[in-house]
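Chemist: Here is my input; please provide its structure:
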Amino acid sequence: MSKIPIRVLKYINEHPYQRDRLKFQIVVTEKNQNWDKCFDCDLNDLTKFRDELTVIIDSLTWYQRIGIDEAIGSKIVATNTSDEICMNCSFKRSVNCVTCLSVLQSPLERKLYSRLLESKIYFEVQQPINKFGKKAQIKNKVKRTCV
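Modeler: Next up is the predicted model:
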């Protein structure tokens, strides 16, 4: 099941006396249930539903869209406008920006991070390695928090 348990199905109403032949069904799947809730609608209802979703989505701020709070978003905006590395970065106001500004510890790491992302090279941020170049296991590791 997808993260959003809503599907929209299109079907043709075969009833000969009904004028609206094209119909839609909005199917909502409830977690831990053996059945779905179905709502039949026409194109006007479906369009209205889409427009209501668009209004809600358009009202979100950029930091709400990526799932961070306003205080962190404000710090990112301030840094994006004043920091030389941020000014040339193509990942402004993204989840990658949060990682770059809150986890990475030096300008060199931040530049490398940006270049690796642009090159689509897989890597792990702040992954300790041992003297053999393998992942190091750290006992009593403390998780870092954002900004």
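Chemist: how many neighbours does the nearest residue to residue 96 once chain neighbours are set aside have?
Modeler: Leaving out its chain neighbours, the residue that sits closest to residue 96 by C-beta to C-beta, 6 or more residues apart in numbering is residue 117, at 5.9 Å. C-beta: built from backbone N, CA, C; applies to glycine. Per other C-beta atoms under 10 Å, the neighbour tally for residue 117 reads 17.
Chemist: same question, the one 3 residues further on
Modeler: The number of residues packed near residue 120 is 6, by other C-beta under 10 Å.
Chemist: Work out for me the element it sits within.
Modeler: Remark: residue 120 resides in no helix or strand, with elements defined by DSSP states H and E.
Chemist: OK, contacts around it?
Modeler: The contact partners of residue 120, by C-beta atoms under 8 Å, 6 or more residues apart in numbering, come to none.
Chemist: pLDDT value on it, please?
Modeler: Looking at residue 120, its pLDDT is 91.
Chemist: State the distance from it to residue 111.
Modeler: Here residue 120 is placed at a distance of 17 Å from residue 111 (C-beta to C-beta, to the nearest Å).
Chemist: gap between the residue nearest to residue 96 and residue 95?
Modeler: Residue 117 is 11 Å from residue 95, by C-beta to C-beta.
Chemist: Ok, residue 24 next?
Modeler: Using C-beta to C-beta, residue 24 is found at 34 Å from residue 95.
Chemist: neighbour-wise, which of the two wins?
Modeler: Between residue 24 and residue 95, residue 24 has the larger neighbour count (other C-beta under 10 Å), namely 17 against 12.
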